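Q: I'll drop the sequence and a predicted model, then ask my questions.
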Amino acid sequence: MSIADNLKQYKNEVESGNVKLIAVSKTQSTEAILEAYNAGQLIFGENHVQEMVDKQAQLPADIEWHLIGHLQSNKVKYIAPFVKVIHGVDSIKLLQEINKQAAKNKRIIDCLLQIYIADEDTKFGLGFDEVIELLRSEEYQELKNIRIVGLMGIATNTKNEKQIAIEFRELKVLFDGIKTSFFSEDDFFKEISTGMSADYKIAIEEGSTMVRIGSSIFGKRIIKHFKNLSEN
Ligand SMILES: *Cc1c(COP(=O)(O)O)cnc(C)c1O
C-alpha cells in the first residue's frame, strides 16, 4: 500500500475514536511527507531538531510540527519560532528554556510532560513523584509562555500486551489525578500522548488522545545522519 493509503486508513481508524494522529516522519523524505500531507495529514512528528528545522523550511506552512523525542535545552531556540507541541519535556530546566525562547518569539508553546512508565532503563521521563513536585514548584508557577497540555509516555518494548496495558493505565490514573489537583479549571490540559505503531490500539483502549505512528504509515525508516546545527 502507498503512504497515502496507509495514512488514510490510520487516520480514519484513529480519528473515528476522537484521537489525534501524529504521523511520525523522522528520517523520511520531504516527498514522503508531502504525499501524506496531500492525503489530508497536517500533524507530523520529528525527533531531531535539525531535521525538523530543515523540513519545516521546505514544506507547507500549515503543517503542525510536534517534537516527539528527547530535546536538549541548547536546541530549543531553533524550533521555538514554529513548533506546535513539544512531547518529551522531562525537567524544569528544559521547561524554563522553552519558556524563555517562547517569550522571545512572543509565543506560548504547548508542552507535554514525559512520564516514565516503562520497565526499562533507557527511556527518558519524570517519575510520578517528580511530576507532582515540578507542578508544585515556584519555578513552574513563574512560567507564562508555556502551557502544559497533558502527559506523554512510552511503554516497554515488549510483546506482553498485558504489561503495556498496565503501563498506559497507570499513566491515565496519574493524568486524572493531576487534572483534578492542578488543572481542573484548564480545558487545555486534556492530552495523553501514548501509542506507536506496535501498541497504539492498546494505548487508545487505555485513554490515549494522541498516537504517534511512523513505520506503519511510511514504511521502514532509512537511517540518515543530520548535521548538528551548532557545527554549522
Ligand atoms: C519513532 C517514534 C515513534 C513512532 O514509532 P513507530 O514504531 O515507527 O510507529 C513514536 N514515538 C516516538 C517518541 C518515537 O521516537
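A: Nice, I can see it.

Q: Going along the chain, name the strands of this protein.
A: 20-24, 43-46, 64-67, 85-89, 109-115, 146-153, 191-193, 210-213 (DSSP state E).

Q: pull the CA atoms of the lengthiest helix in the chain into CSV?
A: The residue-count maximum for a helix in the chain (DSSP state H) belongs to helix 161-182. Output in CSV follows, covering the C-alpha atoms of helix 161-182 (Å, rounded to 0.1, in the frame of the first residue of the first chain):
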residue,chain,number,x,y,z
GLU,A,161,0.2,-6.7,25.9
LYS,A,162,-1.0,-7.0,29.5
GLN,A,163,2.1,-5.2,30.7
ILE,A,164,1.8,-2.5,28.1
ALA,A,165,-1.9,-2.0,29.0
ILE,A,166,-1.0,-1.7,32.7
GLU,A,167,1.7,0.9,32.0
PHE,A,168,-0.8,3.0,29.9
ARG,A,169,-3.4,2.6,32.6
GLU,A,170,-1.1,3.9,35.3
LEU,A,171,-0.4,6.9,33.2
LYS,A,172,-4.1,7.6,32.8
VAL,A,173,-4.6,7.3,36.6
LEU,A,174,-1.8,9.8,37.1
PHE,A,175,-3.3,12.1,34.4
ASP,A,176,-6.7,12.1,36.1
GLY,A,177,-5.1,12.9,39.5
ILE,A,178,-3.0,15.7,38.0
LYS,A,179,-6.0,17.1,36.2
THR,A,180,-8.0,17.3,39.4
SER,A,181,-5.2,18.7,41.5
PHE,A,182,-3.6,21.2,39.2
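
Q: Which other helices and strands does that helix contact?
A: Helix 161-182 sits against helix 128-136, strand 146-153, strand 191-193, helix 200-205, with contacts defined as 3 or more Cβ pairs under 8 Å, 6 or more residues apart in numbering; DSSP states H and E. Using the backbone N, CA and C atoms, a C-beta is placed for each residue, glycine as well.

Q: closest to residue 96 out of these?
A: strand 146-153 (8.9 Å; Cβ to Cβ).
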